[in-house]
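Below: sequence and its predicted model.
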Amino acid sequence: MSALSSSLLLGERESSLPPGPRMPSTLQAIAWARRPLPFLERCQKHFGDIFTIRVRHSGTWVILADPEDVKRVFTADHAVLGVGVANSILGPLLGPRSVMLLEEPEHVKRRKLMLPPFHGERMQGYSEMMANVTRRELASWPIGEPFELWPHMQEITLEAIMRVVFGPVETDRLRRLRYLLRRLTNWMNDPRRLNLLAAAGPSRFAGNSDYRGMMGPVEDAVLEEVRRRQRDPDCTDGRDIAAMLGEARYEDGSPMSEQDLRDELVTLLTDGPTSSLLSWAFERILRHPDKLTRLRAEIDAGESDAYLDAVVKETMRLCPAAPIVVRRLLAPMELGGYTIPAGTTVAPCVHLIHRRADLYPAPLHFSPERFLERPAGTYTWIPFGGGVRRCLAASYAQMLMKQVIRTVVSQIDLRPTDPHSEWARKSAIAFVPHRHATVIATQRRPVPEATHELTTV
Ligand code: HEM
(Lines give C-alpha, C1' and ligand atoms only; values in the text may rest on other atoms or scores of the structure.)
Protein backbone atom coordinates (compact mmCIF):
# COMPACT_ATOMS: atom_id res chain seq x y z
CA MET A 1 0.00 0.00 0.00
CA SER A 2 1.41 3.44 -0.92
CA ALA A 3 2.12 5.99 1.80
CA LEU A 4 -0.59 8.23 0.32
CA SER A 5 -3.37 5.62 0.31
CA SER A 6 -2.49 4.37 3.81
CA SER A 7 -2.56 7.93 5.19
CA LEU A 8 -5.93 8.50 3.48
CA LEU A 9 -7.33 5.34 5.11
CA LEU A 10 -5.89 6.37 8.47
CA GLY A 11 -7.36 9.82 7.95
CA GLU A 12 -10.78 8.32 7.28
CA ARG A 13 -10.60 6.17 10.42
CA GLU A 14 -9.35 8.94 12.66
CA SER A 15 -11.54 11.75 11.57
CA SER A 16 -15.09 10.62 12.11
CA LEU A 17 -16.99 13.61 10.89
CA PRO A 18 -20.53 12.85 9.74
CA PRO A 19 -21.24 13.25 6.02
CA GLY A 20 -22.40 16.54 4.52
CA PRO A 21 -22.62 18.49 1.28
CA ARG A 22 -19.55 18.23 -0.93
CA MET A 23 -19.79 21.74 -2.42
CA PRO A 24 -16.71 23.96 -1.90
CA SER A 25 -16.76 25.89 1.39
CA THR A 26 -17.27 29.20 -0.48
CA LEU A 27 -20.51 27.90 -2.01
CA GLN A 28 -21.62 26.55 1.35
CA ALA A 29 -20.85 29.97 2.86
CA ILE A 30 -23.07 31.59 0.22
CA ALA A 31 -25.92 29.11 0.90
CA TRP A 32 -25.49 29.77 4.61
CA ALA A 33 -25.40 33.55 4.21
CA ARG A 34 -28.34 33.79 1.77
CA ARG A 35 -30.89 31.13 2.75
CA PRO A 36 -29.60 29.27 5.83
CA LEU A 37 -32.93 27.73 6.84
CA PRO A 38 -33.71 25.93 3.54
CA PHE A 39 -30.00 24.95 3.39
CA LEU A 40 -30.26 23.27 6.82
CA GLU A 41 -33.54 21.57 5.84
CA ARG A 42 -32.05 20.19 2.58
CA CYS A 43 -29.00 18.86 4.42
CA GLN A 44 -31.13 17.13 7.06
CA LYS A 45 -33.28 15.52 4.37
CA HIS A 46 -30.18 14.23 2.63
CA PHE A 47 -27.88 13.30 5.51
CA GLY A 48 -30.13 12.82 8.57
CA ASP A 49 -29.99 14.30 12.07
CA ILE A 50 -26.24 14.84 12.19
CA PHE A 51 -24.27 16.31 9.29
CA THR A 52 -21.20 18.40 8.57
CA ILE A 53 -21.09 21.71 6.74
CA ARG A 54 -18.01 23.74 5.88
CA VAL A 55 -18.39 27.49 5.83
CA ARG A 56 -15.60 29.81 4.65
CA HIS A 57 -14.27 32.03 7.53
CA SER A 58 -16.08 29.81 10.05
CA GLY A 59 -14.56 26.34 9.60
CA THR A 60 -16.22 22.96 10.02
CA TRP A 61 -19.57 22.72 11.80
CA VAL A 62 -21.34 19.55 12.83
CA ILE A 63 -25.06 20.31 12.92
CA LEU A 64 -27.12 18.40 15.51
CA ALA A 65 -30.85 17.78 15.06
CA ASP A 66 -31.28 14.89 17.51
CA PRO A 67 -32.33 15.92 21.05
CA GLU A 68 -30.04 13.22 22.55
CA ASP A 69 -27.00 14.86 20.95
CA VAL A 70 -28.21 18.31 21.98
CA LYS A 71 -28.51 17.07 25.57
CA ARG A 72 -24.96 15.69 25.43
CA VAL A 73 -23.61 19.06 24.34
CA PHE A 74 -25.61 21.14 26.82
CA THR A 75 -24.69 18.88 29.74
CA ALA A 76 -21.03 18.35 28.81
CA ASP A 77 -18.31 19.48 31.21
CA HIS A 78 -17.82 23.09 30.16
CA ALA A 79 -14.04 22.65 30.18
CA VAL A 80 -14.59 20.55 27.01
CA LEU A 81 -16.53 23.25 25.18
CA GLY A 82 -15.36 26.65 23.96
CA VAL A 83 -17.05 29.48 22.12
CA GLY A 84 -18.01 28.45 18.60
CA VAL A 85 -16.40 30.19 15.65
CA ALA A 86 -19.86 31.26 14.48
CA ASN A 87 -20.22 33.39 17.60
CA SER A 88 -17.04 35.26 16.70
CA ILE A 89 -18.90 36.63 13.65
CA LEU A 90 -20.59 38.81 16.28
CA GLY A 91 -17.17 40.01 17.47
CA PRO A 92 -17.16 43.38 15.67
CA LEU A 93 -20.51 44.28 17.18
CA LEU A 94 -20.30 42.82 20.69
CA GLY A 95 -16.54 43.12 21.21
CA PRO A 96 -14.08 40.37 22.17
CA ARG A 97 -14.66 40.83 25.92
CA SER A 98 -18.42 40.27 25.71
CA VAL A 99 -19.68 37.44 27.98
CA MET A 100 -20.93 35.75 24.81
CA LEU A 101 -17.40 35.43 23.46
CA LEU A 102 -15.39 34.79 26.63
CA GLU A 103 -13.87 31.36 27.21
CA GLU A 104 -14.01 29.52 30.55
CA PRO A 105 -13.19 30.10 33.36
CA GLU A 106 -13.61 33.84 32.71
CA HIS A 107 -17.02 33.32 31.15
CA VAL A 108 -18.59 31.90 34.33
CA LYS A 109 -17.18 34.70 36.50
CA ARG A 110 -18.55 37.38 34.18
CA ARG A 111 -21.89 35.65 33.91
CA LYS A 112 -22.20 35.72 37.71
CA LEU A 113 -21.67 39.48 37.68
CA MET A 114 -24.34 40.00 35.04
CA LEU A 115 -27.13 37.69 36.16
CA PRO A 116 -28.75 39.54 39.12
CA PRO A 117 -30.58 42.29 37.17
CA PHE A 118 -32.21 39.65 34.97
CA HIS A 119 -33.63 37.56 37.80
CA GLY A 120 -36.08 37.53 40.68
CA GLU A 121 -37.52 40.60 42.26
CA ARG A 122 -35.25 42.99 40.37
CA MET A 123 -36.67 41.76 37.11
CA GLN A 124 -40.31 41.72 38.26
CA GLY A 125 -39.87 45.44 38.95
CA TYR A 126 -39.56 46.09 35.19
CA SER A 127 -43.04 44.89 34.25
CA GLU A 128 -44.91 48.19 34.64
CA MET A 129 -42.12 50.06 32.85
CA MET A 130 -42.44 47.61 29.92
CA ALA A 131 -46.19 48.19 29.65
CA ASN A 132 -45.72 51.97 29.82
CA VAL A 133 -43.03 51.97 27.13
CA THR A 134 -45.40 49.96 24.91
CA ARG A 135 -48.37 52.27 25.56
CA ARG A 136 -46.29 55.30 24.70
CA GLU A 137 -45.05 53.73 21.48
CA LEU A 138 -48.41 52.49 20.26
CA ALA A 139 -50.00 55.90 20.77
CA SER A 140 -48.17 56.96 17.57
CA TRP A 141 -49.41 54.09 15.37
CA PRO A 142 -51.63 55.26 12.51
CA ILE A 143 -55.21 54.03 12.17
CA GLY A 144 -56.33 52.77 8.77
CA GLU A 145 -52.92 52.90 7.06
CA PRO A 146 -50.51 50.01 6.53
CA PHE A 147 -47.31 50.14 8.59
CA GLU A 148 -44.48 47.80 9.57
CA LEU A 149 -44.48 46.55 13.14
CA TRP A 150 -40.79 45.57 13.30
CA PRO A 151 -39.39 49.13 13.63
CA HIS A 152 -41.91 49.82 16.39
CA MET A 153 -40.94 46.63 18.17
CA GLN A 154 -37.29 47.70 17.87
CA GLU A 155 -38.19 51.04 19.49
CA ILE A 156 -39.96 49.30 22.37
CA THR A 157 -37.22 46.76 23.06
CA LEU A 158 -34.51 49.42 22.78
CA GLU A 159 -36.27 51.79 25.13
CA ALA A 160 -36.97 48.99 27.63
CA ILE A 161 -33.36 47.79 27.75
CA MET A 162 -32.08 51.40 27.95
CA ARG A 163 -34.19 51.84 31.09
CA VAL A 164 -32.84 48.61 32.59
CA VAL A 165 -29.23 49.47 31.75
CA PHE A 166 -29.28 53.21 32.53
CA GLY A 167 -32.22 53.58 34.93
CA PRO A 168 -35.68 55.13 34.65
CA VAL A 169 -34.69 58.77 34.06
CA GLU A 170 -34.46 59.82 30.43
CA THR A 171 -31.94 62.59 29.66
CA ASP A 172 -30.82 64.31 26.47
CA ARG A 173 -27.62 62.24 26.61
CA LEU A 174 -29.61 59.01 26.72
CA ARG A 175 -31.93 60.20 23.94
CA ARG A 176 -28.82 60.82 21.82
CA LEU A 177 -27.43 57.39 22.68
CA ARG A 178 -30.74 55.82 21.65
CA TYR A 179 -30.49 57.63 18.33
CA LEU A 180 -26.89 56.38 17.87
CA LEU A 181 -27.88 52.80 18.66
CA ARG A 182 -30.83 52.94 16.28
CA ARG A 183 -28.56 54.32 13.56
CA LEU A 184 -25.99 51.56 14.16
CA THR A 185 -28.62 48.78 14.12
CA ASN A 186 -30.24 50.07 10.92
CA TRP A 187 -26.82 50.28 9.30
CA MET A 188 -25.92 46.73 10.37
CA ASN A 189 -29.30 45.35 9.25
CA ASP A 190 -28.79 46.52 5.68
CA PRO A 191 -28.29 43.31 3.61
CA ARG A 192 -25.22 44.90 1.93
CA ARG A 193 -23.46 45.06 5.33
CA LEU A 194 -24.37 41.46 6.11
CA ASN A 195 -22.85 40.41 2.77
CA LEU A 196 -19.73 42.44 3.54
CA LEU A 197 -19.43 40.80 6.97
CA ALA A 198 -19.83 37.32 5.43
CA ALA A 199 -17.31 38.04 2.67
CA ALA A 200 -14.66 39.95 4.66
CA GLY A 201 -14.87 38.01 7.95
CA PRO A 202 -15.18 39.66 11.38
CA SER A 203 -11.67 41.12 11.79
CA ARG A 204 -11.58 42.97 8.46
CA PHE A 205 -15.15 44.12 8.96
CA ALA A 206 -14.24 45.58 12.39
CA GLY A 207 -11.62 47.79 10.70
CA ASN A 208 -14.07 49.16 8.10
CA SER A 209 -14.12 52.97 8.41
CA ASP A 210 -17.90 53.31 7.91
CA TYR A 211 -18.43 50.76 10.62
CA ARG A 212 -16.08 52.59 12.98
CA GLY A 213 -17.96 55.82 12.21
CA MET A 214 -21.18 54.18 13.43
CA MET A 215 -19.79 52.22 16.37
CA GLY A 216 -17.25 54.77 17.75
CA PRO A 217 -19.83 57.30 19.02
CA VAL A 218 -21.88 54.50 20.61
CA GLU A 219 -18.82 53.26 22.52
CA ASP A 220 -17.94 56.79 23.69
CA ALA A 221 -21.47 57.51 24.87
CA VAL A 222 -21.83 54.19 26.70
CA LEU A 223 -18.53 54.58 28.54
CA GLU A 224 -19.33 58.18 29.43
CA GLU A 225 -22.52 56.97 31.16
CA VAL A 226 -20.51 54.50 33.28
CA ARG A 227 -17.90 57.14 34.17
CA ARG A 228 -20.61 59.61 35.22
CA ARG A 229 -22.00 57.03 37.61
CA GLN A 230 -18.53 56.31 38.99
CA ARG A 231 -17.85 60.05 39.53
CA ASP A 232 -21.25 60.79 41.02
CA PRO A 233 -22.98 57.70 42.44
CA ASP A 234 -26.01 59.84 43.34
CA CYS A 235 -26.82 60.56 39.69
CA THR A 236 -28.94 57.38 39.56
CA ASP A 237 -30.68 55.14 42.08
CA GLY A 238 -27.64 52.82 41.85
CA ARG A 239 -29.81 49.92 40.69
CA ASP A 240 -29.16 50.28 36.98
CA ILE A 241 -26.79 47.92 35.20
CA ALA A 242 -24.34 50.66 34.14
CA ALA A 243 -23.84 51.64 37.80
CA MET A 244 -23.73 48.03 38.91
CA LEU A 245 -21.09 46.98 36.35
CA GLY A 246 -19.02 50.11 37.11
CA GLU A 247 -18.90 49.05 40.77
CA ALA A 248 -18.66 45.29 40.18
CA ARG A 249 -15.57 43.52 41.48
CA TYR A 250 -14.24 40.09 40.62
CA GLU A 251 -13.40 37.70 43.47
CA ASP A 252 -9.83 39.09 43.59
CA GLY A 253 -11.22 42.63 44.07
CA SER A 254 -10.36 43.88 40.58
CA PRO A 255 -12.87 46.03 38.62
CA MET A 256 -13.97 45.43 35.03
CA SER A 257 -11.73 47.12 32.44
CA GLU A 258 -13.08 49.81 30.09
CA GLN A 259 -13.05 47.29 27.25
CA ASP A 260 -15.02 44.81 29.38
CA LEU A 261 -17.57 47.48 30.24
CA ARG A 262 -17.93 48.62 26.65
CA ASP A 263 -18.39 45.08 25.34
CA GLU A 264 -20.87 44.04 28.00
CA LEU A 265 -23.03 47.13 27.69
CA VAL A 266 -23.06 47.00 23.89
CA THR A 267 -23.99 43.28 24.12
CA LEU A 268 -27.01 44.11 26.27
CA LEU A 269 -28.05 47.18 24.28
CA THR A 270 -28.09 45.41 20.91
CA ASP A 271 -31.04 43.20 21.84
CA GLY A 272 -32.08 42.07 18.36
CA PRO A 273 -33.95 38.81 18.94
CA THR A 274 -36.74 40.16 21.14
CA SER A 275 -38.00 42.69 18.58
CA SER A 276 -37.81 40.12 15.79
CA LEU A 277 -39.76 37.56 17.86
CA LEU A 278 -42.37 40.15 18.79
CA SER A 279 -42.83 40.89 15.09
CA TRP A 280 -43.24 37.15 14.47
CA ALA A 281 -45.74 36.83 17.31
CA PHE A 282 -48.03 39.37 15.63
CA GLU A 283 -47.32 38.03 12.15
CA ARG A 284 -48.57 34.61 13.35
CA ILE A 285 -51.39 35.42 15.77
CA LEU A 286 -53.07 37.96 13.46
CA ARG A 287 -53.34 35.26 10.79
CA HIS A 288 -55.16 32.96 13.25
CA PRO A 289 -58.32 34.87 14.29
CA ASP A 290 -59.60 32.02 16.50
CA LYS A 291 -56.36 32.03 18.48
CA LEU A 292 -56.35 35.82 18.69
CA THR A 293 -59.91 35.71 20.08
CA ARG A 294 -58.84 33.21 22.72
CA LEU A 295 -55.80 35.32 23.62
CA ARG A 296 -57.82 38.53 23.87
CA ALA A 297 -60.45 36.84 26.06
CA GLU A 298 -57.72 35.68 28.46
CA ILE A 299 -56.08 39.12 28.53
CA ASP A 300 -59.41 40.93 29.07
CA ALA A 301 -60.31 38.55 31.91
CA GLY A 302 -56.91 39.34 33.51
CA GLU A 303 -56.82 36.16 35.57
CA SER A 304 -54.23 33.95 33.93
CA ASP A 305 -51.52 34.25 31.34
CA ALA A 306 -51.34 30.57 30.40
CA TYR A 307 -52.41 31.09 26.78
CA LEU A 308 -50.23 34.19 26.38
CA ASP A 309 -47.27 32.17 27.65
CA ALA A 310 -48.11 29.42 25.15
CA VAL A 311 -48.31 31.99 22.31
CA VAL A 312 -44.84 33.27 23.22
CA LYS A 313 -43.41 29.73 23.40
CA GLU A 314 -45.00 28.65 20.13
CA THR A 315 -43.71 31.78 18.38
CA MET A 316 -40.21 30.97 19.58
CA ARG A 317 -40.59 27.35 18.51
CA LEU A 318 -41.75 28.08 15.00
CA CYS A 319 -40.02 31.33 14.14
CA PRO A 320 -36.29 31.35 14.11
CA ALA A 321 -34.42 34.06 15.99
CA ALA A 322 -31.14 32.12 16.11
CA PRO A 323 -31.36 28.89 14.03
CA ILE A 324 -28.30 27.30 15.69
CA VAL A 325 -26.19 27.73 18.81
CA VAL A 326 -22.53 26.87 18.65
CA ARG A 327 -19.73 25.40 20.76
CA ARG A 328 -16.14 24.63 19.81
CA LEU A 329 -14.90 21.24 20.96
CA LEU A 330 -11.74 21.45 23.05
CA ALA A 331 -11.55 17.63 23.19
CA PRO A 332 -13.07 14.91 20.99
CA MET A 333 -16.72 14.09 21.71
CA GLU A 334 -18.97 11.12 20.83
CA LEU A 335 -22.09 12.35 19.05
CA GLY A 336 -24.52 10.37 16.87
CA GLY A 337 -22.10 7.44 16.61
CA TYR A 338 -19.16 9.60 15.48
CA THR A 339 -16.10 10.72 17.41
CA ILE A 340 -16.06 14.38 16.52
CA PRO A 341 -12.50 15.71 16.66
CA ALA A 342 -11.33 18.57 18.89
CA GLY A 343 -11.39 21.93 17.10
CA THR A 344 -14.72 21.22 15.37
CA THR A 345 -17.71 23.47 16.00
CA VAL A 346 -20.77 21.53 17.10
CA ALA A 347 -24.10 23.25 16.62
CA PRO A 348 -27.36 22.20 18.31
CA CYS A 349 -29.86 23.21 15.62
CA VAL A 350 -32.77 25.11 17.10
CA HIS A 351 -34.53 25.34 13.75
CA LEU A 352 -34.46 21.61 12.94
CA ILE A 353 -35.16 20.39 16.49
CA HIS A 354 -38.19 22.69 16.66
CA ARG A 355 -39.57 21.25 13.43
CA ARG A 356 -39.32 17.56 14.26
CA ALA A 357 -42.70 15.91 13.68
CA ASP A 358 -42.01 13.30 16.38
CA LEU A 359 -41.70 16.09 18.97
CA TYR A 360 -44.19 18.57 17.51
CA PRO A 361 -46.96 16.92 15.42
CA ALA A 362 -47.88 19.08 12.39
CA PRO A 363 -44.72 21.07 13.08
CA LEU A 364 -45.39 23.86 10.57
CA HIS A 365 -48.74 24.76 12.15
CA PHE A 366 -48.86 27.63 14.61
CA SER A 367 -50.51 25.97 17.58
CA PRO A 368 -49.93 27.53 21.04
CA GLU A 369 -52.26 24.81 22.41
CA ARG A 370 -49.42 22.28 22.20
CA PHE A 371 -47.67 24.07 25.09
CA LEU A 372 -50.84 23.94 27.20
CA GLU A 373 -50.88 20.18 26.77
CA ARG A 374 -47.16 19.54 27.32
CA PRO A 375 -44.54 21.78 28.93
CA ALA A 376 -41.52 22.89 26.89
CA GLY A 377 -38.66 20.36 27.16
CA THR A 378 -35.15 21.39 28.17
CA TYR A 379 -33.53 19.78 25.12
CA THR A 380 -36.46 19.96 22.69
CA TRP A 381 -37.42 23.65 23.09
CA ILE A 382 -34.14 25.52 22.84
CA PRO A 383 -34.66 29.08 21.51
CA PHE A 384 -32.35 30.35 24.29
CA GLY A 385 -29.70 27.66 23.82
CA GLY A 386 -28.74 25.65 26.89
CA GLY A 387 -26.22 24.68 29.55
CA VAL A 388 -23.87 27.24 31.09
CA ARG A 389 -24.20 29.55 28.09
CA ARG A 390 -28.01 29.63 27.98
CA CYS A 391 -29.27 33.17 27.30
CA LEU A 392 -28.90 35.01 30.58
CA ALA A 393 -31.87 37.26 29.81
CA ALA A 394 -34.31 34.48 28.82
CA SER A 395 -36.79 35.34 31.60
CA TYR A 396 -36.48 39.06 30.90
CA ALA A 397 -37.10 38.53 27.16
CA GLN A 398 -40.19 36.37 27.75
CA MET A 399 -41.57 38.83 30.28
CA LEU A 400 -41.04 41.71 27.84
CA MET A 401 -42.71 39.78 25.02
CA LYS A 402 -45.71 39.05 27.23
CA GLN A 403 -46.07 42.64 28.42
CA VAL A 404 -45.86 44.02 24.89
CA ILE A 405 -48.34 41.51 23.44
CA ARG A 406 -50.73 41.98 26.37
CA THR A 407 -50.65 45.77 26.04
CA VAL A 408 -51.00 45.84 22.25
CA VAL A 409 -53.79 43.25 22.08
CA SER A 410 -55.80 44.99 24.79
CA GLN A 411 -55.44 48.46 23.30
CA ILE A 412 -55.51 48.28 19.53
CA ASP A 413 -57.06 46.10 16.83
CA LEU A 414 -54.62 45.04 14.13
CA ARG A 415 -54.96 42.93 11.02
CA PRO A 416 -52.39 41.84 8.43
CA THR A 417 -52.43 43.70 5.11
CA ASP A 418 -51.84 40.47 3.20
CA PRO A 419 -53.35 37.12 4.18
CA HIS A 420 -50.24 35.28 2.96
CA SER A 421 -47.68 34.43 5.62
CA GLU A 422 -44.38 36.31 5.64
CA TRP A 423 -41.15 34.38 5.23
CA ALA A 424 -37.94 34.65 7.29
CA ARG A 425 -35.32 37.17 6.15
CA LYS A 426 -31.92 37.42 7.82
CA SER A 427 -31.10 40.62 9.71
CA ALA A 428 -27.87 41.40 11.59
CA ILE A 429 -28.80 39.52 14.76
CA ALA A 430 -31.97 37.54 14.10
CA PHE A 431 -34.44 36.50 11.40
CA VAL A 432 -37.36 38.85 10.76
CA PRO A 433 -40.61 38.55 8.76
CA HIS A 434 -39.69 39.68 5.23
CA ARG A 435 -42.37 42.42 5.11
CA HIS A 436 -41.43 43.37 8.69
CA ALA A 437 -44.90 42.27 9.89
CA THR A 438 -46.95 44.77 7.90
CA VAL A 439 -50.35 45.46 9.48
CA ILE A 440 -53.26 47.92 9.57
CA ALA A 441 -54.65 49.18 12.86
CA THR A 442 -58.44 49.29 12.59
CA GLN A 443 -59.38 50.87 15.91
CA ARG A 444 -58.09 51.91 19.30
CA ARG A 445 -59.60 50.61 22.50
CA PRO A 446 -60.00 52.78 25.61
CA VAL A 447 -56.59 53.30 27.27
CA PRO A 448 -56.40 52.64 31.03
CA GLU A 449 -54.49 55.11 33.21
CA ALA A 450 -50.78 54.26 33.42
CA THR A 451 -49.83 53.55 37.03
CA HIS A 452 -46.23 54.79 36.81
CA GLU A 453 -45.46 57.33 34.16
CA LEU A 454 -42.01 57.29 32.53
CA THR A 455 -39.68 59.90 33.94
CA THR A 456 -38.19 62.43 31.55
CA VAL A 457 -35.83 65.30 32.35
C1 HEM B 1 -36.38 36.38 22.76
C2 HEM B 1 -35.23 37.00 22.79
C3 HEM B 1 -33.89 36.32 22.88
C4 HEM B 1 -33.48 35.13 22.33
C5 HEM B 1 -34.27 34.17 21.45
C6 HEM B 1 -32.10 34.95 22.74
C7 HEM B 1 -31.32 33.87 22.37
C8 HEM B 1 -30.04 33.64 22.81
C9 HEM B 1 -29.23 32.51 22.45
C10 HEM B 1 -29.65 31.41 21.47
C11 HEM B 1 -28.05 32.62 23.11
C12 HEM B 1 -26.89 31.64 23.01
C13 HEM B 1 -27.11 30.53 24.03
C14 HEM B 1 -26.18 29.35 23.92
O15 HEM B 1 -25.11 29.49 23.29
O16 HEM B 1 -26.50 28.29 24.46
C17 HEM B 1 -28.10 33.82 23.91
C18 HEM B 1 -27.10 34.24 24.73
C19 HEM B 1 -27.11 35.44 25.37
N20 HEM B 1 -28.13 36.38 25.37
FE21 HEM B 1 -29.96 36.14 24.54
N22 HEM B 1 -31.71 36.00 23.52
C23 HEM B 1 -32.77 36.85 23.63
C24 HEM B 1 -32.82 38.04 24.33
C25 HEM B 1 -31.75 38.57 25.02
C26 HEM B 1 -31.76 39.84 25.70
C27 HEM B 1 -32.96 40.76 25.81
C28 HEM B 1 -30.52 40.00 26.24
C29 HEM B 1 -29.99 41.14 27.08
C30 HEM B 1 -30.53 42.27 27.25
C31 HEM B 1 -29.74 38.83 25.91
C32 HEM B 1 -28.45 38.63 26.32
C33 HEM B 1 -27.73 37.47 26.10
C34 HEM B 1 -26.39 37.25 26.62
C35 HEM B 1 -25.58 38.22 27.46
C36 HEM B 1 -26.01 35.96 26.17
C37 HEM B 1 -24.69 35.25 26.45
C38 HEM B 1 -24.84 34.30 27.63
C39 HEM B 1 -23.57 33.54 27.95
O40 HEM B 1 -22.75 33.32 27.06
O41 HEM B 1 -23.39 33.16 29.13
N42 HEM B 1 -30.51 37.99 25.17
N43 HEM B 1 -29.33 34.44 23.70
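Everything's here; your move. All values derive from a computational prediction rather than experimental measurement.

can you pull the contacts of the residue nearest to R56 when sequence neighbours are not counted?
Among residues not flanking R56 along the chain, A29 sits closest, at 4.0 Å (CB to CB, 6 or more residues apart in numbering). No exception for glycine: its C-beta is placed from N, CA and C like everyone else's. Counting by CB atoms under 8 Å, 6 or more residues apart in numbering, A29 touches 55-58, 198.

and Q259, what does it touch?
95-97.

Let's see that with 10 Å instead.
Taking CB atoms under 10 Å, 6 or more residues apart in numbering, we find Q259 in contact with 95-98, 219, 223.

hang on, the earlier thing: can you tell me the SS state at the residue nearest to R56?
helix (DSSP: H, G, I helix; E, B strand; the rest coil).

And the pLDDT for it?
According to the prediction, A29 has pLDDT 80.

Same check on L90?
At L90, pLDDT is 71.

I figured it was touching A430, is that so?
No - using CB atoms under 10 Å, L90 is not in contact with A430; the gap is 11.7 Å.

Among those two, which residue is more densely surrounded?
A430 (22 against 19; other CB atoms under 10 Å).

The residue nearest to the spatial centre of the chain and the ligand, how far apart?
In the chain, the residue lying closest to the centroid (CA atoms, centre = their mean) is P273, at 3.6 Å. Between P273 and the ligand the distance is 4 Å, computed by CB to the nearest ligand atom, to the nearest Å.

wait, doesn't that residue sit right on V350?
No - the criterion here is CB under 10 Å, and P273 misses it with V350 at 11.2 Å.

what sits in contact with each of the two?
By CB under 10 Å, 6+ apart, P273 and V350 have these common neighbours: 316, 320-322, 383-384.

can you list those in JSON lines and add distance to the ligand?
Putting the shared contacts of P273 and V350 into JSON lines (distance: CB to the nearest ligand atom, whole Å) gives the following:
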{"residue": "M316", "distance to the ligand": "6"}
{"residue": "P320", "distance to the ligand": "9"}
{"residue": "A321", "distance to the ligand": "4"}
{"residue": "A322", "distance to the ligand": "4"}
{"residue": "P383", "distance to the ligand": "5"}
{"residue": "F384", "distance to the ligand": "5"}
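
okay, among these, which ones form the most distant pair?
P320 and F384 (12.9 Å; CB to CB).

Find out how far stretch 398-416 is from the centre of the chain, if you would.
What separates the centre of stretch 398-416 from the centre of its chain is 20 Å, taken as CA atoms, centre = their mean, to the nearest Å.

residues in contact with L400?
123, 126-127, 129-130, 133-134, 156-157, 160-161, 164, 271, 274-275, 277-278, 312, 393.

Just the pLDDT for whichever residue of the stretch 301-450 of the chain sits closest to the ligand.
When CB to the nearest ligand atom is the measure, the stretch 301-450 of the chain has its nearest residue to the ligand at G385, with 2.0 Å between them. We have a pLDDT of 95 for G385.

what's the answer for the one 4 residues further on, then?
At R389, the model reports a pLDDT of 93.

what ranges do the helices span in the stretch 351-457 of the chain?
Applying DSSP state H, counting those that start in this stretch to the stretch 351-457 of the chain gives helices spanning 369-373, 394-411.

so what's the backbone phi/psi at V226?
phi -70, psi -40 (degrees, to the nearest 10).

which residues touch it?
166, 241-243, 245-247, 256, 258, 261-262, 264-265.

swap the cut-off to 6 Å and go again
Residues counted as contacts of V226 (CB atoms under 6 Å, 6 or more residues apart in numbering) are 242, 246, 261.

likewise R296?
V409.

Tell me the confidence at it?
For R296, the predicted pLDDT is 96.

Which of the residues in the helix or strand where it lies are classified as buried?
Using DSSP states H and E, R296 sits within helix 289-301. Within helix 289-301, the residues that count as buried by 16 or more other CB atoms under 10 Å are 291-292, 294-296, 298-299.

Which member of these is positioned nearest the ligand?
L295 (18.3 Å).

Of the contacts of Q259, select the buried ones using a PyMOL command.
Buried subset of these, written as a PyMOL selection, criterion 16+ other CB under 10 Å:
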select buried, resi 95+97+98+219+223
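
returning to that earlier point: which of the contacts of V226 has the weakest pLDDT?
Minimum confidence in these sits at G246, scoring 85.

Show me what counts as buried in the helix or strand harbouring it.
Using DSSP H and E, G246 maps to helix 241-247. Residues of helix 241-247 classed as buried by neighbour count (16+ other CB under 10 Å): 241-246.

repeat for stretch 349-366
Those would be 349-356, 359-360, 366, for stretch 349-366 by 16+ other CB under 10 Å.

what about the closest residue to R54 other than its chain neighbours, distance to V326?
Leaving aside its sequence neighbours, R54 sits nearest to S25 (CB to CB, 6+ apart; 4.2 Å). Counting by CB to CB, to the nearest Å, the gap from S25 to V326 is 16 Å.
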